[in-house]
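Student: Whatever this is, show me its structure:
(one chain, ligands or ions: 1)
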Amino acid sequence: MNGAPDEFHLIRRYFAPLAAGEPGALGLGDDAAAIKPADGHSFVVTADTIAEGVHFLPDDPPNQIARKALRVNLSDLAAMGAAPRAYTLALALGRGRDEEWVAAFASGLADDQQRFGVTLIGGDTVAAPGPTTLSVTAIGEVGEGRELTRGGARAGDHIWVSGTIGDAGLGLRVLRDELSSGDESLDAAAISAYRLPEPRIALGNALLGLATGAIDVSDGLAADLGHICEQSSTGAVIELPAVPLSEFGTRLAADDPAWLTRLITGGDDYELLFSAPPAAESEIGALAERLALRITRIGAIEPGSGLRVLDHAGNSTEIGSAGYRHFQFDR
Ligand SMILES: [Mg+2]
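Tutor: Numbering: from 1, shown residues only. Predicted coordinates for the structure are as follows:
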């Protein structure tokens with residue numbers, strides 16, 4: 001890590017202790033880390049940035065901002081079937097972020113390091129005049145040549161998704177005072193989905209050799225299914241009524257079916273979306289039970305290209321381009 005003296009203080013006091021579990025991190029005292037994967041494994045590497053005002057709000061608790069920055073990256077590792085190993089952090093501290101903020105931020109990282117078995121191995125801290133942004137590069141390990149990709153889906157495969165869809169987008173609307181369910185516990189659950197996504201590490205690992213194509217839902221269910229189709233040179237059909245919704249989402253969709261489209265084109269879900277041959281159905285059911293995780297079949301891969309969305313009556317419905325406008329490179 002490089003930086004001005006006060007940054008050395010922050011690194012020594014708050015970040016170096018987070019590197020204690022990985023000898024290759026060299027205590028964050030060197031120019032770079034030096035690590036190698038376990039025998040027969042490859043590194044899987046991903047980078048994602050989260051920015052104030054986009055992925056978190058200025059007043060969000062710093063420990064949760066830290067955990068979200070880490071978790072969105074761990075979610076990418078999960079989508080590849082990889083086990084988390086290490087990460088680096090580039091932290092641009094915007095105005096108003098004092099040492100107390102950094103201390104709470106680092107404690108959030110410590111909590112999730114323990115939870116997900118991952119260790120800080122390097123990074124950089126700068127003071128910036130603009131909003132706070134955090135870039136994490138996460139490194140995972142997977143058996144050589146076994147990683148899940150977006151490119152293996154085949155016509156006839158079923159399409160599955162974990163958890164429920166659209167809650168993070170609802171949470172953001174609640175935080176912005178644009179929406180409320182009228183039920184405090186449902187509002188709180190949506191806020192938690194936005195602030196603290198759950199990377200589906202165990203599911204990703206269990207899908208090795210089972211799923212043909214996989215992605216984590218960051219741009220919205222429809223857009224991310226589009227990414228699988230592009231990389232697999234296939235089309236897909238999803239049945240809107242099959243898309244798993246929370247209680248909050250279910251209530252909104254019952255009042256106004258237009259919500260269904262909003263929920264599948266919102267982003268930040270960090271659930272796993274994957275394809276698997278029909279013969280895998282019972283194994284996926286058993287997996288859902290073992291992981292105590294909802295895994296729902298929502299459609300099928302088809303020949304051709306593009307995404308068809310069917311409504312309650314089985315008619316094709318337009319979802320607009322909302323889910324396709326993202327310009328970020330999510331890898
Ligand atoms: Mg992703």
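
Student: what's the spacing between the residue nearest to the spatial centre of the chain and the ion?
Tutor: Centroid-nearest residue in the chain, with Cα atoms, centre = their mean: Tyr270, separated by 3.3 Å. Between Tyr270 and the ion the distance, using Cβ to the ion, to the nearest Å, works out to 8 Å. Quick note: C-beta positions are derived from backbone N, CA and C, even for glycine.

Student: quick one: that residue and Lys68 touch, right?
Tutor: No. When contacts are counted by Cβ atoms under 8 Å, Tyr270 is not listed as touching Lys68 (9.3 Å).

Student: Okay, and whatever residue of the stretch 51-200 of the chain ends up closest to the ion sits in which element?
Tutor: Nearest residue of the stretch 51-200 of the chain to the ion: Asp76, at 4.4 Å (Cβ to the ion). Taking DSSP states H and E as the criterion, the element that holds Asp76 is helix 62-79.

Student: what helices or strands is that helix leaning on?
Tutor: Judged by 3 or more Cβ pairs under 8 Å, 6 or more residues apart in numbering; DSSP states H and E, the packing partners of helix 62-79 are strand 41-51, strand 83-93, helix 99-116, strand 133-143, helix 201-206, strand 213-216.

Student: how big is the angle separating that helix from strand 83-93?
Tutor: 140 degrees (axes from the mean of the first three to the mean of the last three Cα atoms, to 10 degrees).

Student: And the pLDDT at the residue nearest to the centre of the chain?
Tutor: At Tyr270, the predicted lDDT confidence score is 96.

Student: what does Gly130 give?
Tutor: In this model, Gly130 is scored at 89, pLDDT.

Student: I'd like to know the phi and psi angles of it, please.
Tutor: Its backbone dihedrals place Gly130 at phi -90, psi -160, with angles given as degrees, to the nearest 10.

Student: pretty sure it contacts Arg97?
Tutor: No. Taking contacts as Cβ under 8 Å, Gly130 lies outside contact range of Arg97: 11.6 Å.

Student: Who has more neighbours out of these two?
Tutor: Arg97 (18 against 11; other Cβ atoms under 10 Å).

Student: Pick the most buried one from the helices and strands packed on helix 62-79.
Tutor: strand 213-216 (a mean of 27; mean count of other Cβ atoms under 10 Å).

Student: Which is the succeeding secondary structure element to it?
Tutor: The helix or strand immediately downstream of strand 213-216 is helix 221-232, counting by DSSP H and E.

Student: In contact with the nearest residue to Ala69 once chain neighbours are set aside, which residues?
Tutor: Nearest residue to Ala69 in three dimensions, chain neighbours excluded: Leu134, at 4.2 Å (Cβ to Cβ, 6 or more residues apart in numbering). With contacts taken as Cβ atoms under 8 Å, 6 or more residues apart in numbering, Leu134 has the following neighbours: Thr49, Ile50, Ala51, Ile65, Ala66, Ala69, Leu89, Ala90, Leu91, Ala92.

Student: Against Arg71, how distant is Leu134?
Tutor: Counting by Cβ to Cβ, to the nearest Å, the separation of Leu134 from Arg71 is 12 Å.

Student: what's the answer for Thr212, then?
Tutor: Thr212 sits 26 Å away from Arg71, going by Cβ to Cβ.
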